[in-house]
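S.K.: Requesting a structural model of the entry that follows:
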Amino acid sequence: MLIPDLSTTGWWAFAIVSALALWIAVASMTTTRRHKLASVTVPTVLLVGGYAQSAARGYESKEAAFVITLIALTLVIMRIIFAGWLTRQKKRQEAEEPVDDHVGRQTAVFVGTFVVVLVGVGFLIG
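M.R.: As a prediction, this is how the structure comes out:
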């Protein structure tokens with residue numbers, strides 16, 4: 001809704017910026033330099049894979065850039081929403097304390113939040 005008439009080049013620029021934001025979000029959850037470098041693979045695979053799939057199947061690359069942007073922004077927003085919880089879990093792990101084990105409830109909250117954020121981002125950028 002906010003950017004419906006963006007050109008293909010504009011969508012790819014937006015996808016690259018979103019992928020960089022995703023790289024920062026993923027890297028912020030790592031502890032070692034090696035893992036920070038490895039975290040660059042997530043957005044790189046998203047970008048290269050999306051572009052390659054659209055080219056191989058003959059899709060318009062504008063659609064691939066939209067999907068990449070949608071996924072990357074959703075994951076970045078999820079990282080921001082769950083920042084406090086992730087920080088607490090990381091501190092517990094570093095202190096060798098048990099992490100939260102309410103897996104069912106946490107999964108339900110995560111999936112519900114993911115769906116709401118995905119729909120919201122899709123509405124805003126679609």
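
S.K.: Give me the distance from whichever helix in the chain runs longest to the chain's centre.
M.R.: With DSSP state H setting the assignment, residue counts place helix 103-125 as the longest helix in the chain. Relative to its parent chain, helix 103-125 has a centroid offset of 12 Å by C-alpha atoms, centre = their mean, to the nearest Å.

S.K.: List the contacts of that helix.
M.R.: The contact list for helix 103-125 (C-beta atoms under 8 Å, 6 or more residues apart in numbering) reads 1-3, 14, 66, 69-70, 73-74, 77-78, 81-82, 100. Every C-beta, even on glycine, is put in place using the N, C-alpha and C of the backbone.

S.K.: who wins for neighbours among those residues?
M.R.: With neighbours taken as other C-beta atoms under 10 Å, the top of those is residue 69, carrying 27 neighbours.

S.K.: Over to it. Which of the three states is it?
M.R.: Residue 69 falls in the helix class when you classify it by DSSP: H, G, I helix; E, B strand; the rest coil.

S.K.: if we look at stretch 11-23, which residues are touching it?
M.R.: Contacts of stretch 11-23 with the rest of the structure, by C-beta under 8 Å, 6+ apart, involve 3, 6, 39-40, 42-44, 46-47, 50, 61-62, 65-66, 68-69, 72-73, 75-76, 125.

S.K.: quick revisit: can I get the contacts of helix 103-125 in TSV with secondary structure?
M.R.: Putting the contacts of helix 103-125 into TSV (three-state DSSP) gives the following:
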residue	secondary structure
1	coil
2	coil
3	coil
14	helix
66	helix
69	helix
70	helix
73	helix
74	helix
77	helix
78	helix
81	helix
82	coil
100	coil
